[in-house]
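Q: whatever this is, show me its structure:
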Amino acid sequence: MWKANDAKWLTVDVVGSSGGILITWKSSKWDLVSSSSGTFLMSMIIQDKSSSSQYLLSVIYGPISQSLRASLWDELSQVRRSFSGPWCVVGDFNITRYPEDHSRRRRPSSAMARFSNWIQQEELIDLPLLGARFTWTNGRASPIQSRLDRLLVSPEWLEAFLTIKKITLPRTTSDHYPILLTVEDENWGPKPFRFNSSWLHLEGLHQKIVEWWKSFQVKGFAGHKLLYRLKLLKEKLKEWRREETQNREAKIEALMSELQKIDRVSKEVPMSK
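A: Predicted structure coming up:
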């Protein structure tokens with residue numbers, strides 16, 4: 001993955017045929033400040049060598065047992081109380097949050113409710129998942145699929161990385177889809193986006209905005225729902241603006257081509273007055 005002298009790692013051993021956690025990082029970019037582990041959890045505070053900013057990362061492999069799962073929520077809450085900065089919780093939670101997180105749409109359960117309550121209690125943000133709808137499959141001809149894997153971040157993490165996206169990658173040998181948390185334009189900084197009020201007078205745009213807004217499925221408490229809907233709307237408007245610019249340039253190019261043809265013809269045949 002990286003050259004040997006640049007890679008550091010921490011592990012939690014498997015329990016029977018399940019579990020196990022591996023965290024790796026580039027030692028040239030990150031310093032490990034502290035770490036702690038449990039049966040289903042590994043947490044670490046890391047420091048960016050270039051900025052000295054610190055971040056808390058918790059990686060989990062969730063248990064199936066409801067009692068053990070309750071212990072995991074308590075343990076994660078204790079970890080959070082030890083650090084007030086940006087926090088990211090990622091892993092296979094082994095529990096779905098909503099009925100639509102399952103391909104066969106299960107009924108709401110008390111376990112789902114407790115999971116959602118814990119997320120809201122810790123004020124974590126369940127980032128929208130781009131790419132695949134589900135993160136796990138049993139791989140059969142008529143597969144059962146569900147969203148067991150999640151990546152949750154604190155408001156402080158979101159403030160530190162304004163342009164993060166959570167994307168599923170192609171599945172290879174595992175029955176889980178890898179999830180990539182990526183920061184766009186990290187080296188260049190966020191690009192300003194300006195909404196031109198004259199766009200509202202363009203035919204069809206108002207209806208598009210209404211349709212886009214209704215299509216956004218964002219989970220979380222009210223403030224973050226609004227934040228992410230606005231963020232997704234901005235992305236849609238950027239895409240629309242690019243398409244409009246390309247269409248406009250294509251039309252200009254076509255008109256210029258026609259004018260050149262007319263110009264050539266006018267040089268060969270005098271145009272009538």
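Q: what about Glu244, neighbour count?
A: Neighbour count of Glu244, defined by other CB atoms under 10 Å: 13. C-betas here are computed from N, CA, C, even on glycine.
Q: okay, and the beta partners of the residue nearest in space to the middle of the chain?
A: Nearest residue to the geometric centre of the chain (CA atoms, centre = their mean): Lys166, 1.8 Å. Beta-bridge pairing of Lys166 under DSSP bridges involves Leu129, Leu181.
Q: dump the residue contacts of it.
A: Applying CB atoms under 8 Å, 6 or more residues apart in numbering, we find Lys166 in contact with Leu127, Pro128, Leu129, Leu130, Leu151, Ile179, Leu180, Leu181.
Q: isn't the last one right next to Val90, touching?
A: What it means is Leu181. Yes - Leu181 is within contact range of Val90, at 7.5 Å (criterion: CB atoms under 8 Å).
Q: quick check: neighbours shared by those two?
A: Residues touching both Leu181 and Val90 (CB under 8 Å, 6+ apart): Leu151.
Q: quick one, which of the two is more surrounded?
A: Val90 (18 against 15).
Q: what about the more buried one, which helix or strand?
A: Element membership for Val90, per DSSP states H and E: strand 87-92.
Q: list of residues touching that strand?
A: Under the criterion CB under 8 Å, 6+ apart, residues 21, 55-62, 76, 80, 124, 136, 148-154, 156-157, 176, 179, 181 lie in contact with strand 87-92.
Q: 6 Å instead, please
A: The contact list for strand 87-92 (CB atoms under 6 Å, 6 or more residues apart in numbering) reads 56-62, 148-149, 151-154, 157.
Q: mind checking how far it is from the chain centre?
A: Strand 87-92 sits 12 Å away from the centroid of its parent chain (CA atoms, centre = their mean, to the nearest Å).
Q: paired strands for it, with orientation please.
A: Its sheet considered, strand 87-92 pairs with strand 54-61 (parallel), strand 149-153 (antiparallel) by DSSP bridges.
Q: avg pLDDT for stretch 33-40?
A: Average pLDDT, stretch 33-40: 91.
Q: buried residues of it, list them for me.
A: Across stretch 33-40, burial judged by 16 or more other CB atoms under 10 Å covers Ser37, Phe40.
Q: and stretch 164-174, by the same measure?
A: Buried residues in stretch 164-174, counted by 16+ other CB under 10 Å: Ile164, Lys165, Lys166, Thr168.
Q: got the CA positions of it in PDB?
A: Provided in PDB are the C-alpha atoms of stretch 164-174 (Å, rounded to 0.1, in the frame of the first residue of the first chain):
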ATOM      1  CA  ILE A 164     -16.200  15.800   2.100                       C
ATOM      2  CA  LYS A 165     -18.100  13.100   0.300                       C
ATOM      3  CA  LYS A 166     -18.900   9.500   1.300                       C
ATOM      4  CA  ILE A 167     -18.600   7.200  -1.800                       C
ATOM      5  CA  THR A 168     -18.900   3.500  -2.200                       C
ATOM      6  CA  LEU A 169     -16.100   1.800  -4.300                       C
ATOM      7  CA  PRO A 170     -16.400  -1.400  -6.400                       C
ATOM      8  CA  ARG A 171     -16.800  -4.600  -4.400                       C
ATOM      9  CA  THR A 172     -14.200  -7.300  -5.100                       C
ATOM     10  CA  THR A 173     -13.700 -10.300  -2.800                       C
ATOM     11  CA  SER A 174     -15.600  -9.000   0.200                       C
END
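Q: no further questions, thank you.
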